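>>> could you look at this predicted model? Sequence included:
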Amino acid sequence: MDNNITSRQTACICCLSVLVLKLVALPSVISRLISTSAVIVVAIMFCIELIMLYIFLTAKQKYPNMSLFELMCKFVGKIIAKIVYIFLAIIFICKLSLLLNEGVVYIKNIVDEDFNLILFLFTFLPVITALVYSGVRSTTLTCEFGFVFIIIGLISSLFLAKIDIDFGEIGAVFSNSIKSILTTCFETSFWFTDFLFILILGDRIKQQKNMKKNVILSVVAIEVLVAIFYIIYFRLFKQTGYIHETAIADITQYKKNIGNVGNVDIIETLVYLFTIFLYGSIYLTCLCNIFAKVTNDNNILHSLIFMNLLIVIIQYFVFYNLEIFTNFAIQYLKYSTILVWGIIPIFYILLFIFDRRRHVKIYKRKISSNQT
Amino acid sequence: MEIIEKIKKELNNNPDVLTKEIDSASKKISLIFLKSTIDKNLFLQCVISPLLEYCGEVNFELLKNKVLKVFEIEEVQEKDFITNILKNKVLLFIDDNEQSALCFDFEKIPSRVPEEPPTSPTIQGPRQGFTEDIKTTISLIRKRLPSKNLVIKDFFVGSLTQTQVTIFYLNNLADKRVVKKIEEKIKNINYDGILDCHYIASYISDRPNSLFEQYGSTEKPDIVVAKMMEGRVAVAVDGSPIVATFPFMIFEDLQNSNDYYTNSHYSSFIRFIRSLGIIMSTVVPGVYLSFRLYHYKVVPLTYILTINATTQNLPFTPFIELLFIMILFQMLYEVSLRLPKYLGLATSIVGALVLGDTGVQAGLISPPGIIVVALSLISVYTIPNQAPQFTILRFVFLLIGGTLGLLGIIGGMVYFVNYLNTMNQFHTPNLAPYAPRIKGDLKDGIIMQPITRMKTRPISLPGKDKQRGIKKNG
């Protein structure tokens, strides 16, 4: 069995990355920062995300069998490559931490009041560690298997919610100034810097026909779905959106909760929990890959032990609740965008422009070495 | 003859080792065989009578060609005497030659006739099943697959039992690497006795310690032939009515021979029900327990009140209660399997009525608990081949649900799906055609297409010719 990721699996992981951090706390964060024009912020960020995805996939196509690390080593030196990778590791750890915090908040608010972070770590980390230990191929196959259920579950969950949305005063979405919209975009950019796994696991992604087109089309479809979800959210809760920290559950249970205890939409709960497990394993895979590249230690056990300890320490002592994390993300993690949406794409674009001849040589060399 | 005495001594002078001496005109002929395993009438008719009537010169060539009315005769040397007798063959000696003998087969082992197997009864379609006799297995497969491409290879495995293991495949369809690997693994088996197909299948499997089975197993020749026509290799063992097939994918167990002999829409619906059966049989008790212990917010208020009313004053915690019911049901199941049929029925009545009903009335167990466990136990038999594995998983998920709640159950499900994905034996993805999604193979997935549309063989399986039927030119 080859250890490569197929284009369909790439598309599944990209779609999961669009879903995983956007359905719980982000709507309330955007709503808090900019209440009426929130939909415009989401639309802008999705467009930028798609552009970034296009650049990452083009780089993948132009330099198959090479990850960002190998490209940077080749063109700007190993030290800079390692520094960039360390920054990427910080972003991944923060994303994993956000995932954990959102998971805890979700379970606490929706299914179990007595739930806590330790119990979450105790359940979550062994499973994603086992997934990563089993290898990239089985992890991506599991994502591919779960993806269909997640999408069907999400759509049916939204459909079954039977929400009556008031589309009156639709013009209010343009009431905020452009400056405040752009500021909110920047402040919430951390939530939208997805698809980073392509940079890390790019060398494992199989070069297949129409890959770029298929991946982008799938992501567009999922972004439309998420956009519909955001429109429902913002039209449903309007100015009070910021108090709804568990957006997906609050939407699907909007009608049922009135005058009734229970009746949690179990489909949506299952969908969300499946998503965090699957995507958590992708984050950890990327982190282990970064660890291996930075330390030159290819022993998966070493990287897993180190990353697990790091996650527990950070989670327990630094980002121990969602509010702390959200404030930190708005204040500081927005600068991570400079790396992900600035430096790396610029590096790629410069490569595309100045390395037209060289990359063909590299490609040919890689192909011939593979054949031998 | 000295050699006869020597053989008898080596066989511990067992009473069923019989010798027969015939004085012909020129030489003395001796026969040695196991009387318990030969067809006596045929033996008398084809060997003893011709020998008694023969008056000419005696040598192996003449006996072989002119006297003995035996289909297949071979000449064996001294080192093979014991082995051949133990394989239920008859040895014939001539008094001036003790180093070689004529060897022929008159085996008659008690065996049953092919009938409908109890593990896979069919409503429509063929009912014949394999028996313990490997010759019957070979003939049933031959009958259904009269192809020049059918390859049958025999191996004798087990230092004590020397059991015949036969592999079947179509050489134009089966992948050579798979065949070679299976042959190598069978040749390398170093074990004293092979008593069932499971022994061989365990040796062939890459991960014999795995929770999930890595081979397809069936008692029906039509299923074996259908799988061989997809490019699989079948392995039969003398003494076992089960035939194992390789490579295996977990979705094979969702497929049933009935599906192909009935309307494809109905088959799709039933396959969907079977898929639900997998989930219900494994996680339902765990989910119920987690809802009762931790996630009561998930359950509607009216239903919480109902559960509360029925579980009040129970002496056990919910976990112990469910564990108790599950163990009780499992015991009843084991008892009903082991006991004779008429006693099994009585036990079922005692179990269901006395233990279940009286248990509820006595306030030991609750009705929802019984319903949940019974539901889970019944649903496991939508996929009977995987019943042992799902039974273990049910207990595992009960434990997880009782300790880690719903999050633990989801984590467990993700873990086990991933575990299945790591089991890629013989270059075949275990969860195909869904992970990886193979479009061409979806026609025989949960949503099944009619037979007329299944024009290609599974792409997920290694093998050469993927087109069913004769290829048209161009």
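Looks like it arrived, so ask away.
>>> what residues does chain B have near chain A?
Taking Cβ under 8 Å from any Cβ of the partner chain as the measure of proximity, chain B contacts chain A at B:294-301, B:303-304, B:404-408, B:410-415, B:417-419, B:421-422, B:424, B:427, B:429, B:431, B:434-437. (C-beta placed from N, C-alpha, C; glycine too.)
>>> give the PyMOL command for selecting the buried subset of those residues.
PyMOL command restricting these to the buried ones, with burial defined by 16 or more other Cβ atoms under 10 Å in any protein chain shown:
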select buried, chain B and resi 294+295+296+297+298+299+304+404+405+406+407+408+410+411+412+413+414+415+417+418+419+421+422+424+427+429+431+434+435+436+437
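>>> flag the shaky bits of chain B, pLDDT-wise.
B:471-474 (pLDDT under 70).
>>> kindly recompute the last result at 50.
Low-confidence segments of chain B (pLDDT under 50): B:474.
>>> and it, what are its domains?
B:2-105, B:134-248, B:261-421 (automatic domain parsing).
>>> for those, which one sits closest to residue A:74?
Between residue A:74 and the domains of chain B, the shortest gap by Cβ to Cβ is with domain B:261-421, which sits at 33.6 Å.
>>> not counting its neighbours along the chain, what's nearest residue B:231?
Leaving aside its sequence neighbours, residue B:231 sits nearest to residue B:463 (Cβ to Cβ, 6 or more residues apart in numbering or on different chains; 3.3 Å).
>>> number of nearby residues for that neighbour?
Using other Cβ atoms under 10 Å in any protein chain shown, residue B:463 has 24 other residues around it.
>>> my guess is it meets residue B:173, correct?
Yes: the criterion here is Cβ atoms under 8 Å, and residue B:463 meets it with residue B:173 at 5.5 Å.
>>> which neighbours do these two have in common?
The contact sets of residue B:463 and residue B:173 overlap at B:230-231, B:457 (Cβ atoms under 8 Å, 6 or more residues apart in numbering or on different chains).
>>> what residues does the stretch 51-200 of chain A put near chain B?
So far as Cβ under 8 Å from any Cβ goes, the stretch 51-200 of chain A lies against chain B at A:103, A:107, A:110-115, A:119-120, A:122-124, A:126-127, A:130-131, A:134-135, A:137-139, A:141-142, A:144-146, A:148.
>>> what average pLDDT does the longest helix anywhere in chain A get?
When chain A is parsed with DSSP state H, its longest helix is helix A:78-110. What helix A:78-110 shows for mean pLDDT is 92.
>>> how about that helix: buried residues?
Those would be A:81-82, A:84-85, A:87-89, A:91-110, for helix A:78-110 by 16+ other Cβ under 10 Å.
>>> and the longest helix for chain B?
helix B:387-422.
>>> count of residues packed around residue A:67?
22.
>>> dihedrals phi and psi, it?
Backbone torsions of residue A:67, given as degrees, to the nearest 10, read phi -90, psi 180.
>>> now do residue B:156
Dihedral angles (degrees, to the nearest 10) for residue B:156: phi -120, psi 120.
>>> tell me how many other residues crowd it.
Residue B:156 has 14 neighbouring residues, counting by other Cβ under 10 Å.
>>> excluding its backbone neighbours, what's nearest it?
Going by Cβ to Cβ, 6+ apart, residue B:156 has residue B:162 as its nearest residue, at 4.8 Å.
>>> ditto for residue A:348
Nearest residue to residue A:348 in three dimensions, chain neighbours excluded: residue A:59, at 4.6 Å (Cβ to Cβ, 6+ apart).
>>> repeat for residue A:333
The spatial neighbour of residue A:333 that comes closest, neighbours along the chain excluded (Cβ to Cβ, 6+ apart), is residue A:190 at 4.1 Å.
>>> next one: that neighbour from residue A:57, what distance?
Plainly put, residue A:190 is 22 Å away from residue A:57 if you go by Cβ to Cβ, to the nearest Å.
>>> returning to that earlier point: now the buried members of the residues of the stretch 51-200 of chain A next to chain B.
A:103, A:107, A:110-112, A:115, A:119-120, A:123-124, A:127, A:130-131, A:134-135, A:137-139, A:141-142, A:144-146.
>>> stretch B:41-48: how far from the chain's middle?
36 Å (Cα atoms, centre = their mean, to the nearest Å).
>>> residues contacting it, please?
Stretch B:41-48 is contacted from outside by B:20, B:22, B:31, B:33, B:68-70, B:90, B:92, B:104, B:106, B:108, using Cβ under 8 Å, 6+ apart.
>>> before we move on, back to that, list phi and psi for the residue nearest to residue B:231.
phi 160, psi 170.
>>> now swap in the one 5 residues further on and tell me
Main-chain dihedrals, residue B:468, degrees, to the nearest 10: phi -80, psi 140.
>>> just the buried ones among the residues of the stretch 51-200 of chain A next to chain B: which are in helices?
A:103, A:107, A:110, A:119-120, A:123-124, A:127, A:130-131, A:137-139, A:141-142, A:144-146.
>>> residues contacting residue 89?
You didn't pick a chain, so chain A it is. Contacts for residue A:89 were tallied using Cβ under 8 Å, 6+ apart; they are A:287, A:290-291, A:294.
>>> think we crossed wires, I meant chain B
By Cβ under 8 Å, 6+ apart, the contact set of residue B:89 is B:33, B:103-107.
>>> how close does the residue nearest to the spatial centre of chain B get to chain A?
Centroid-nearest residue in chain B, with Cα atoms, centre = their mean: residue B:242, separated by 3.2 Å. Applying Cβ to the nearest Cβ, to the nearest Å, the value for residue B:242 to chain A is 28 Å.
>>> rewinding a little: just the shared contacts of residue B:463 and residue B:173 now: which is nearest chain A?
Within the shared contacts of residue B:463 and residue B:173, the smallest distance to chain A is 17.6 Å, found for residue B:231 (Cβ to the nearest Cβ).
>>> now residue 23, nearest residue through space, not along the chain?
Going with chain A. Nearest to residue A:23 is residue A:248, by Cβ to Cβ, 6+ apart, at 4.3 Å.
>>> wrong one, I was asking about chain B
residue B:29 (7.8 Å).
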